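**Q** Just the structure for this:
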Amino acid sequence: MMPTSVKDPSFFTEANFPAFSGEIFRPGDPGYDQARRLWNGAVDKYPALIARCRTGQDVAQAVTFARRHHLPVSVRSGGHNTTGLALIDDGLVIDLSQMKQVTVDPARRIARAEPGLTLGEFVRATEPYGLVTTTGTCSGNGLGGATLGGGIGWLMGKYGLIIDNVRAFELVTAAGQLLTVSAAENADLFWGLRGGGGNFGIVTAIEYQLHPVGQVLAGMVIHPLANAQTVMRFYRDFSSAAPDELTIYAVLATLPELGPAIMLIACYCGENLAEGERLLAPLRQFGPPLVDMIKPMAYSELLALLDPAAPDGRHYHDTAYSLKQPGDEALESLIACAQAVTSPFTAIVIHHVHGAAARVPAGETAFALRETHYAIVNAAGWEEGEGAVHIAWAEESLARMQPFASRGLYVNFMGHEGEAAIRDAYRANYERLVALKSKYDPTNFFCFNQNIKPAAQSERGL
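**A** This is a model prediction of the structure:
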């Protein structure tokens, strides 16, 4: 039964969207329940209207409609955000999930892509040309959201973050205006969109610089969690010394048939795979591991490696924090968190931000966390049912690690931490972002995000 607070669906008719080329879903319509489902099955929200767009003009029309009727708005692309920011109760969801066009110019090494693509879909479009760019970690993540938050991933050591490879955006503003945004046009917005999230408008297309990448030497070695102290110290020291071409993540999780384990997942993206073999030899020999799955593979194969561990529809709750260079005490606390998991579907995922991603000046883009560090996610997962014990594990693990955490967190890993945490994420860039928000979205129309308030609201404490 629909909550009584949902607006009368008869209000929303096709007459309100005369030139709309997409689909409209109202409560009670066939397809409405499917359209409101997200990757995180724990999110259960009832929008008043879902406008599934196909073009930038569709998006502009949806924005204009929402403003005219004073509807709150959320924006969905991949729908992979754990906190469910893609959906809003009683408001309008501007759904970009079917905007999946991508064109590749192999001569110029450029791709123009729409934000509804998943990372896997994007890579599968560029990879046949021998070209890719930095993406996130899993193929099921959405391209639009991954990009706007900054975009950490397997290739960031050599090629920087996703935003470091963006050449231009197409954007619908809060006023419903369609803009081209680049270093040459609307350069202030170009700075802010590279890490500022969805605060300044709805991105409807992105142009990326691609790089020649053939096979990567990648995969995982697996150790029992019982050996965690020695394995995690080795991981810290080995990853800290890794060259730009080599990125290593660690995942502490429960594996079928093996039980509690540590996966060290590596990606060498240099041109000489023999050099990669030499660099990865210590990783493959240490322990030795229970399993060694490292081999030459397509980048798309690596990107899909972790997808089975986080399927659509499972229930999730994440907390996250940053560590600059974890000492032994921090590692011991982290291991204790892994030993206390309450579900076989829960994991701790450690991302190593380094190399080219850490050498860009902090003020060059909105993304300010440009030092080498580890971004760590406590990813609680469970099947349907009461989630309180699993949520408590994620929150308690965060609290346990706070004495060791460094200031600032990647916004794509944030939940509902609030304004102080957002300020910490953007550091000295925050006031410039407030000025940009005040210019392009002075009423905070786009507020269902890691929100940067315009100056007028911030001054009033709203």
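**Q** all contacts plus neighbour counts: C-alpha atoms, from now on.
**A** Will do.
**Q** Contacts made by stretch 271-278 with the rest, please.
**A** Residues outside stretch 271-278 that contact it (C-alpha atoms under 8 Å, 6 or more residues apart in numbering) are V213, G214, V216, L217, Y268, G270, P296.
**Q** Over to stretch 78-87?
**A** Against stretch 78-87 from outside (C-alpha under 8 Å, 6+ apart): 36, 38-40, 43, 45-47, 74-77, 93, 96-97, 115-118, 140-145, 316-318, 412, 415-416, 448-449.
**Q** rewinding a little: may I see the contacts of stretch 271-278 arranged in CSV, with pLDDT and secondary structure as well?
**A** CSV is the format used below for the contacts of stretch 271-278 (pLDDT from 0 to 100; DSSP: H, G, I helix; E, B strand; the rest coil):
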residue, pLDDT, secondary structure
V213, 97, coil
G214, 95, coil
V216, 98, strand
L217, 98, strand
Y268, 98, strand
G270, 97, coil
P296, 98, strand
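**Q** Buried subset of the contacts of stretch 78-87 as a PyMOL selection?
**A** Remark: buried members of the contacts of stretch 78-87, expressed as a PyMOL selection using 16 or more other C-alpha atoms under 10 Å:
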select buried, resi 36+38+39+40+43+45+46+47+74+75+76+77+93+96+97+115+116+117+118+140+141+142+143+144+145+316+317+318+412+415+448+449
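**Q** got any ranges where this structure has weak pLDDT?
**A** The chain contains residues with pLDDT under 70 at 1-15, 458-462.
**Q** Spatially nearest residue to the most centrally placed residue in it (excluding sequence neighbours)?
**A** The centre of the chain sits closest to A146, judged by C-alpha atoms, centre = their mean, with a distance of 3.9 Å. Among residues not flanking A146 along the chain, G136 sits closest, at 6.5 Å (C-alpha to C-alpha, 6 or more residues apart in numbering).
**Q** Burial check on the one you found, number of neighbours?
**A** 24 (other C-alpha atoms under 10 Å).
**Q** so which of the contacts of stretch 271-278 comes closest to N165?
**A** V213 (14.4 Å; C-alpha to C-alpha).
**Q** The closest one contacts P128, doesn't it?
**A** No: assessed by C-alpha atoms under 8 Å, V213 is found out of contact with P128, at 10.5 Å.
**Q** who has more neighbours, these two?
**A** More crowded of V213 and P128, by other C-alpha under 10 Å: V213, with 18 against 11.
**Q** Next, work out how far apart the more buried one and I162 are.
**A** Per C-alpha to C-alpha, to the nearest Å, V213 is found 15 Å from I162.
**Q** what does A175 give?
**A** Taken as C-alpha to C-alpha, the span from A175 to I162 is 27 Å.
**Q** what about the two, which has more around it?
**A** Comparing A175 with I162 by other C-alpha under 10 Å, the one with more neighbours is I162, at 27 against 14.
**Q** from what I can see the more buried one touches W154, true?
**A** No: look at I162 against W154 with C-alpha under 8 Å: they stay out of range, at 10.4 Å.
**Q** shared neighbours of the two, which are they?
**A** Common neighbours of I162 and W154 (C-alpha under 8 Å, 6+ apart) are T134, T135, G136.
**Q** Contacts only, for the closest residue to P442 other than its chain neighbours.
**A** Nearest non-adjacent residue to P442, counting by C-alpha to C-alpha, 6+ apart: P454, 5.6 Å away. Going by C-alpha under 8 Å, 6+ apart, P454 touches V434, A435, K437, S438, D441, P442, T443, N444.
**Q** please redo it, this time with the cut-off set to 10 Å
**A** 199, 431, 433-444, 462 (C-alpha atoms under 10 Å, 6 or more residues apart in numbering).
**Q** quick one: the helices in the stretch 251-400 of the chain?
**A** Secondary structure of the stretch 251-400 of the chain (DSSP state H, counting those that start in this stretch): helices at 273-285, 299-303, 328-339, 388-401.
**Q** quick one, which of those is nearest to A107?
**A** Using C-alpha to C-alpha, the helices of the stretch 251-400 of the chain put helix 299-303 closest to A107, at 20.5 Å.
**Q** Now intersect the contacts of stretch 78-87 with the strands, please.
**A** Judged by DSSP state E, strands contain the following of the contacts of stretch 78-87: S74, V75, R76, V93, Y316, H317, D318.
**Q** ranges for the strands of the stretch 201-350 of the chain?
**A** 202-209, 211-212, 216-224, 246-255, 259-268, 291-292, 295-297, 315-323, 347-353 (DSSP state E, counting those that start in this stretch).
**Q** so can I have TSV of the ones you listed showing distance to L283?
**A** Shown next, in TSV, are those (distance: least, C-alpha to C-alpha, whole Å):
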stretch	distance to L283
strand 202-209	32
strand 211-212	26
strand 216-224	8
strand 246-255	10
strand 259-268	8
strand 291-292	10
strand 295-297	13
strand 315-323	22
strand 347-353	15
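**Q** Which one of those strands lies nearest to G31?
**A** That would be strand 315-323 among those, by C-alpha to C-alpha, at 21.5 Å.
**Q** what helices or strands is that closest one leaning on?
**A** Secondary structure elements in contact with strand 315-323, counted by 3 or more C-alpha pairs under 10 Å, 6 or more residues apart in numbering; DSSP states H and E, are strand 347-353, strand 373-382, helix 388-401.
**Q** Please identify which of these is closest to T103.
**A** strand 347-353 (29.3 Å).
**Q** The closest one - contacts with which helices or strands?
**A** helix 156-159, helix 228-240, strand 246-255, strand 259-268, strand 315-323, helix 328-339, strand 373-382, helix 388-401.
**Q** Can you add distance to T55 and give the ones you listed back as CSV?
**A** As requested, those are exported to CSV (distance: least, C-alpha to C-alpha, whole Å):
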stretch, distance to T55
helix 156-159, 30
helix 228-240, 43
strand 246-255, 36
strand 259-268, 36
strand 315-323, 31
helix 328-339, 45
strand 373-382, 34
helix 388-401, 38
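**Q** Identify whichever of those lies nearest to H354.
**A** Per C-alpha to C-alpha, nearest to H354 of the helices and strands packed on strand 347-353: helix 156-159, 5.4 Å.
**Q** Quickly run through the sheet partners of the helix or strand just after the closest one, with directions.
**A** Remark: after helix 156-159, the chain's next helix or strand is strand 166-172, criterion DSSP states H and E. Sheet pairing of strand 166-172 (DSSP bridges) gives strand 178-182 (antiparallel), strand 202-209 (antiparallel).
**Q** In JSON lines: these, plus distance to A111 and mean neighbour count.
**A** Shown next, in JSON lines, are the strands paired with strand 166-172 (distance: least, C-alpha to C-alpha, whole Å; neighbours: other C-alpha atoms under 10 Å):
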{"stretch": "strand 178-182", "distance to A111": "15", "mean neighbour count": "19"}
{"stretch": "strand 202-209", "distance to A111": "5", "mean neighbour count": "24"}
